[in-house]
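Trainee: Predicted model and sequence below, questions to follow.
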Amino acid sequence: MIIFFKKELVDVINSGKDKKELVISSEYQYRIFIPSLFKPIPQGIRYNPIFYLWALFYSFIWKFQKKNYELHLLYHNQTLVHYSVVLPKNYRFPFMNSQDIEIGPCWTHQDHRGQHLYSYVLNKIVNRFKNKKVSVWMICDTENVLSQKGILRTGFKIVGYGRRTKILGLRLLGKYKLEKLKEG
């Protein structure tokens, strides 16, 4: 089962109460990487074909539609220790509005967990997009309690539960289906 989280950035603007940014050790360097056809992945990400496909699709095919695709990175001594991927709405997220964004996948190196790096980067992403008046979505497996805590710490709300479907027997091609809305 998957938990669906959402943060309305219009609410952040209208409330006038932006959350104070988290502070992390100055040993970390935060960077935003916008992929291109000639540089599809940032320094430190191991070979993973999905990053190349996203770069091809969003940097070339959707470039003219000005869709948001970027990676938010944290480095420690020039070593990548965290990434969070920002993706625009696509067929896999039919419940999103056309201008909304989805954050994920996210990863933090095991030696750097427990230092709120995940929440720090999520806050940076929210602050980057808050003037665009979009909704930000995240999904998380129900068993991943630590990620859920980081997402909630950043002000996201649980909006429902669902699952990932398969197309042609492949999860990779499937959609995320929001089946049960949270009550209240």
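Mentor: That came through fine. Numbers count the residues shown, from 1 in each chain.

Trainee: which other residues reach the longest strand along the chain?
Mentor: Across the chain, the longest stretch assigned as strand under DSSP state E is strand 79-88. Under the contact criterion CB atoms under 8 Å, 6 or more residues apart in numbering, strand 79-88 has outside partners 28, 42-45, 54, 58, 62, 67-75, 100-109, 111-112, 117-118, 121-122, 125, 129. For glycine as for every other residue, the C-beta is placed from the backbone atoms N, C-alpha and C.

Trainee: Buried ones among those residues?
Mentor: Neighbour counting by 16 or more other CB atoms under 10 Å classes 28, 42, 54, 58, 67-75, 100-104, 106, 108, 112, 117-118, 121-122, 125, 129 among those as buried.

Trainee: Show me the residues you listed that map onto strands.
Mentor: Reading strands off the buried ones among the contacts of strand 79-88 with DSSP E, I get 28, 70-75, 101-104, 106, 108.

Trainee: Check which residues of the longest strand of the chain are buried.
Mentor: Buried-residue list, strand 79-88, by 16+ other CB under 10 Å: Leu80, Val81, His82, Tyr83, Ser84, Val85, Val86, Leu87, Pro88.
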